[in-house]
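Participant: what shape does this take:
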Amino acid sequence: MNGSTTAGSERVLVLAPTPKDAALTRSLLAEAGLACEVCESLRAAAREIDAGAGVILVTDEIVSDGEIGVLLAALDAQAAWSDIPLLMLSGSSADSVAARRAMELFGNVTVLERPVRVSTLVSSLRTAIRARRRQYQIRDQLTELQRAEAQLRDIDRRKDEFLATLAHELRNPLAPMRNALQILRLKASDAAAVEQVRGMMERQLLQMVRLIDDLLDVSRITRGKLALRKERVALTAVVADAVDTARPHIEAAGHQLEVQLPSEPVYLDADPVRLAQVLSNLLNNAAKYTERGGRIWVAAEHRNDQVEVHVRDTGIGIPAESLSSIFEMFAQVDRSLEKVHGGLGIGLTLVKRLTEMHGGSVEARSEGVGKGAEFVVRLPAARIPAREGEPNGDALEPNRARCRVLVADDNRDAAESMGMLLRMMGNEVRIVSDGAQAVEEAAAFRPDLILLDIGMPRMNGFEAARRIRQELWSKEMFLVAVSGWGQDEDKRRAIDAGFDRHLTKPVEFAHLHALLGALRDAARL
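Facilitator: The predicted structure follows:
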């Protein structure tokens, strides 16, 4: 018996000695509001057990019935949670041979002496049915526990697969970077080789940063720490940004891309960066899982108050059984395919959750393996056109101003490489390896800019910033927290500690260049 408790599962199965007794019992139970099923034989009662029963009402004649073994077999075949109660009417005392024999055979049996009052019989049946309901509750709890256990096993399996994939994907860029370092040692004087290696290292580093950024994004969304920066944005601009991001992957695979957008302007109230991330993830997936020389389509349409963006490809397709779980964290459609194409399997999780944060939804479609896939992103459309926005920023100009910079980081390679970069930009740089040294050096060096790592020995970056800010000479200093922790809470703690800015590792050159330029323009130097 499975499923929720129903009226049928609380039936009284009646085994009466004569048809007249059966009819009378049926009438009495009907008046009491109890559903019953009259069984002509023990074999018939055994069959009815599978259909559901709350209690079996019998007389002591069944003990000598030749078919009693059939009923016992049916009762023995019950699930572990089930123990159907029997109510036996005995013509002699409860201590009679027939009664004792029944209790030995059936176990969960209650004996009532005949003649029995109708009220006593009905009350006893209702008590047995209430006990049966508790069995059904136990069944439901066990079923839910089994379902939860299966889900946990599946999540644990996918987590293990994900961690193995993560290790694989992080090692992939590390191997060519290690080779590149060896090449630089051997060919340092070969300008062409150095330039080739530099480009390769930049690409591999960018791949690592993207992997880590995806992981952090999923973590922030899961914990409710990722905030959207919504603005009025044109759909064409978002699609253009996404296509620009994915174009290198599409072109490298020799795919043909076709984009179809509405002829009239369509606007969204959205975070343009995150929404472009949604579409570029879908385009990158299409490029990755489509055989070389395939086709990819991006089409958008405006329907009433909703915008639909379709990303379709001629790729490997999605098995029907995977369509419902493809957006789940750690879900992988086909491990063999993942090994060929790479990836952590969290891109679609980001797509779904970022889309839902915009008040939208995403749907996966596919006719099966080898028949391509289509993803449909639905978003609420804005009603009024966007205002002209400010330009994104001027092109970076060489930073000619000389700046005194203090770098504090217990990772020697990170500190030295940052120092080399800053010196190449014309700045005077000093390097320390812990927070206490940073406070001492800041007092002696009086830098214009301090780049402080957070997790340092002796004194962490937060405490070092507080100590520095207590001094009058720190008034004109610009303090920047540089950390691998980049959640909103980390940035808030940095500001509370006295930092002017928080940058997440690895710091992009453009951000550093812009920061130094801003210091110069603000006449802090």
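Participant: can you list the weak-confidence ranges in the protein?
Facilitator: 1-7, 93-95, 161-166, 168-169, 172, 207, 329-345, 384-401, 486, 520-525 (pLDDT under 70).
Participant: domains of it?
Facilitator: Domain ranges of the chain: 8-143, 152-222, 231-380, 404-521, per automatic domain parsing.
Participant: just how off-centre is the shortest one within its chain?
Facilitator: Taking C-alpha atoms, centre = their mean, to the nearest Å, one finds the center of domain 152-222 at 23 Å from the center of the full chain.
Participant: swap in stretch 15-23?
Facilitator: Averaging C-alpha positions (C-alpha atoms, centre = their mean) puts stretch 15-23 60 Å from its chain's average.
Participant: same question for stretch 225-232.
Facilitator: Counting by C-alpha atoms, centre = their mean, stretch 225-232 comes out at 20 Å from the chain centroid.
Participant: still on that earlier bit, would you turn the domains of the chain into a markdown table with mean neighbour count?
Facilitator: Using the backbone N, CA and C atoms, a C-beta is placed for each residue, glycine as well. Below are the domains of the chain laid out as a markdown table (neighbours: other C-beta atoms under 10 Å):
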| stretch | mean neighbour count |
| --- | --- |
| domain 8-143 | 16 |
| domain 152-222 | 14 |
| domain 231-380 | 18 |
| domain 404-521 | 18 |
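Participant: ok, Trp485 - contacts?
Facilitator: In this structure, Trp485 makes contact with Ile454, Thr504, judged by C-beta atoms under 8 Å, 6 or more residues apart in numbering.
Participant: tell me the secondary structure for Ile450?
Facilitator: Secondary structure of Ile450, reduced to three states by DSSP: H, G, I helix; E, B strand; the rest coil: strand.
Participant: in contact with it, which residues?
Facilitator: Contacts of Ile450 by C-beta under 8 Å, 6+ apart are Val405, Leu406, Ala408, Ala438, Ala442, Ile468, Met477, Phe478, Leu479, Val480.
Participant: so which of those sit within strands?
Facilitator: Those of those mapping onto strands are Val405, Leu406, Ala408, Phe478, Leu479, Val480, per DSSP state E.
Participant: the last one reaches Arg501, doesn't it?
Facilitator: Yes - between Val480 and Arg501 there is a contact at 4.7 Å, judged by C-beta atoms under 8 Å.
Participant: intersection of neighbour lists for those two?
Facilitator: Leu515.
Participant: coming back round to it: identify, from the ones in strands among the contacts of Ile450, the entry nearest to Asp241.
Facilitator: Val480 (27.7 Å; C-beta to C-beta).
Participant: list the contacts of that closest one.
Facilitator: Leu449, Ile450, Leu451, Leu452, Phe499, Asp500, Arg501, His502, Leu503, Leu515.
Participant: can you tell me how far it sits from Ile212?
Facilitator: Look at Val480 and Ile212: by C-beta to C-beta, to the nearest Å, they are 20 Å apart.
Participant: how about the helices in the stretch 401-525 of the chain?
Facilitator: In the stretch 401-525 of the chain, the helices defined using DSSP state H, counting those that start in this stretch lie at 412-424, 435-445, 461-469, 488-497, 509-521.
Participant: alpha carbons of the last one, as CSV, please.
Facilitator: Read it as helix 509-521. Output in CSV follows, covering the C-alpha atoms of helix 509-521 (Å, rounded to 0.1, in the frame of the first residue of the first chain):
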residue,chain,number,x,y,z
PHE,A,509,45.4,46.1,-14.1
ALA,A,510,42.7,48.4,-15.4
HIS,A,511,41.3,48.8,-11.9
LEU,A,512,44.7,49.5,-10.4
HIS,A,513,45.5,52.0,-13.2
ALA,A,514,42.2,53.8,-12.7
LEU,A,515,42.7,53.9,-9.0
LEU,A,516,46.1,55.6,-9.3
GLY,A,517,44.6,58.0,-11.9
ALA,A,518,41.8,58.9,-9.5
LEU,A,519,44.2,59.6,-6.7
ARG,A,520,46.2,61.9,-9.0
ASP,A,521,43.0,63.7,-10.2
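Participant: got the angle for it vs helix 412-424?
Facilitator: 50 degrees (axes from the mean of the first three to the mean of the last three C-alpha atoms, to 10 degrees).
Participant: which helix is the longest one in the chain?
Facilitator: helix 118-186 (DSSP state H).
Participant: residues contacting stretch 352-369, please?
Facilitator: 217-218, 221-222, 226, 228, 268, 270-271, 274-275, 277-278, 316-320, 323, 326-327, 348, 351, 372-380.
Participant: so which of the residues you listed are in helices?
Facilitator: Filtering those for helices - DSSP H - leaves Asp217, Val218, Ile221, Thr222, Arg274, Leu275, Gln277, Val278, Leu348, Val351.
Participant: cheers, nothing more for now.
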